[in-house]
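[1] A structural model of the following input is requested.
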Amino acid sequence: MPQLDKVTFFSQYFWLLIFFLTFYFFVLKIVLPTVVTIFKLRKKKLEAMASEVEQLKKEQSSILSNYDSVLIDSFSSSREIFNSTVSKSNKWIDESARSLNKTSLLDVNKKYLNAINDINKEYLAFNKIKSLI
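    As a prediction, this is how the structure comes out:
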């Protein structure tokens, strides 16, 4: 077998050493600096992204707090507007009813009160007759 030939051991060791040293210096001088550079760039990029994420979270919280305050202000102003509109409409309805009762419906109101008075008189008369019997 040629692998066990003692004459070729030295040449096999020599080429193994040459190949190994060449591979070692190739990895040491070319591959490792490239990998280290890539890792450094990746680390810087991740740190920059983390700081941007923090900044965006702060901005988001400020936007949400502003949104909440605007929403609360708008709800309170709409509540005030609604309450003022309801009170104004109630005042208008009361004034309109008073005005109608004093002008257009005066005769009708008098007739209604007279009718109620007549009904009460009849009721009292009926109760008096009932109590006499």
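
[2] Where does pLDDT dip in the chain?
    Applying pLDDT under 70 to the chain flags the ranges 1-4.

[3] And F9, how far from L16?
    Computed with CB to CB, to the nearest Å, the distance linking F9 and L16 is 10 Å. The way it works is simple: take the backbone N, C-alpha and C, and place the C-beta from them, glycine included.

[4] For S96, see how far away T103 is.
    Taking CB to CB, one finds T103 at 11 Å from S96.

[5] how about the helices of this structure, start to end?
    Under the criterion DSSP state H, helices of the chain are mapped to 9-26, 32-102, 106-132.

[6] Got the domain ranges for the protein?
    Split into domains by automatic domain parsing, the chain comes to 2-73, 105-133.

[7] possible to save these as a markdown table with distance to F82?
    Below are these laid out as a markdown table (distance: least, CB to CB, whole Å):
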| stretch | distance to F82 |
| --- | --- |
| domain 2-73 | 15 |
| domain 105-133 | 31 |
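
[8] Mean neighbour count for the helices of the chain - can I get that in CSV?
    Output for those, formatted as CSV (neighbours: other CB atoms under 10 Å):
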stretch, mean neighbour count
helix 9-26, 10
helix 32-102, 10
helix 106-132, 10
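
[9] Quick test: name the residue nearest the centre of this protein.
    Nearest to the mean C-alpha position of the chain, counting by CA atoms, centre = their mean, stands L64 at 7.3 Å.

[10] do you know how far S89 is from S76?
    According to CB to CB, S89 stands 20 Å off from S76.

[11] contact partners of stretch 66-83?
    Here stretch 66-83 makes contact (CB atoms under 8 Å, 6 or more residues apart in numbering) with no residue beyond itself.

[12] next one: it to chain centre, how far?
    Here stretch 66-83 is found 16 Å from its chain centre; the criterion is CA atoms, centre = their mean, to the nearest Å.

[13] Please name the residues that touch the residue nearest to the centre of the chain.
    L64 touches nothing, counting by CB under 8 Å, 6+ apart.

[14] Appreciated, that's everything.
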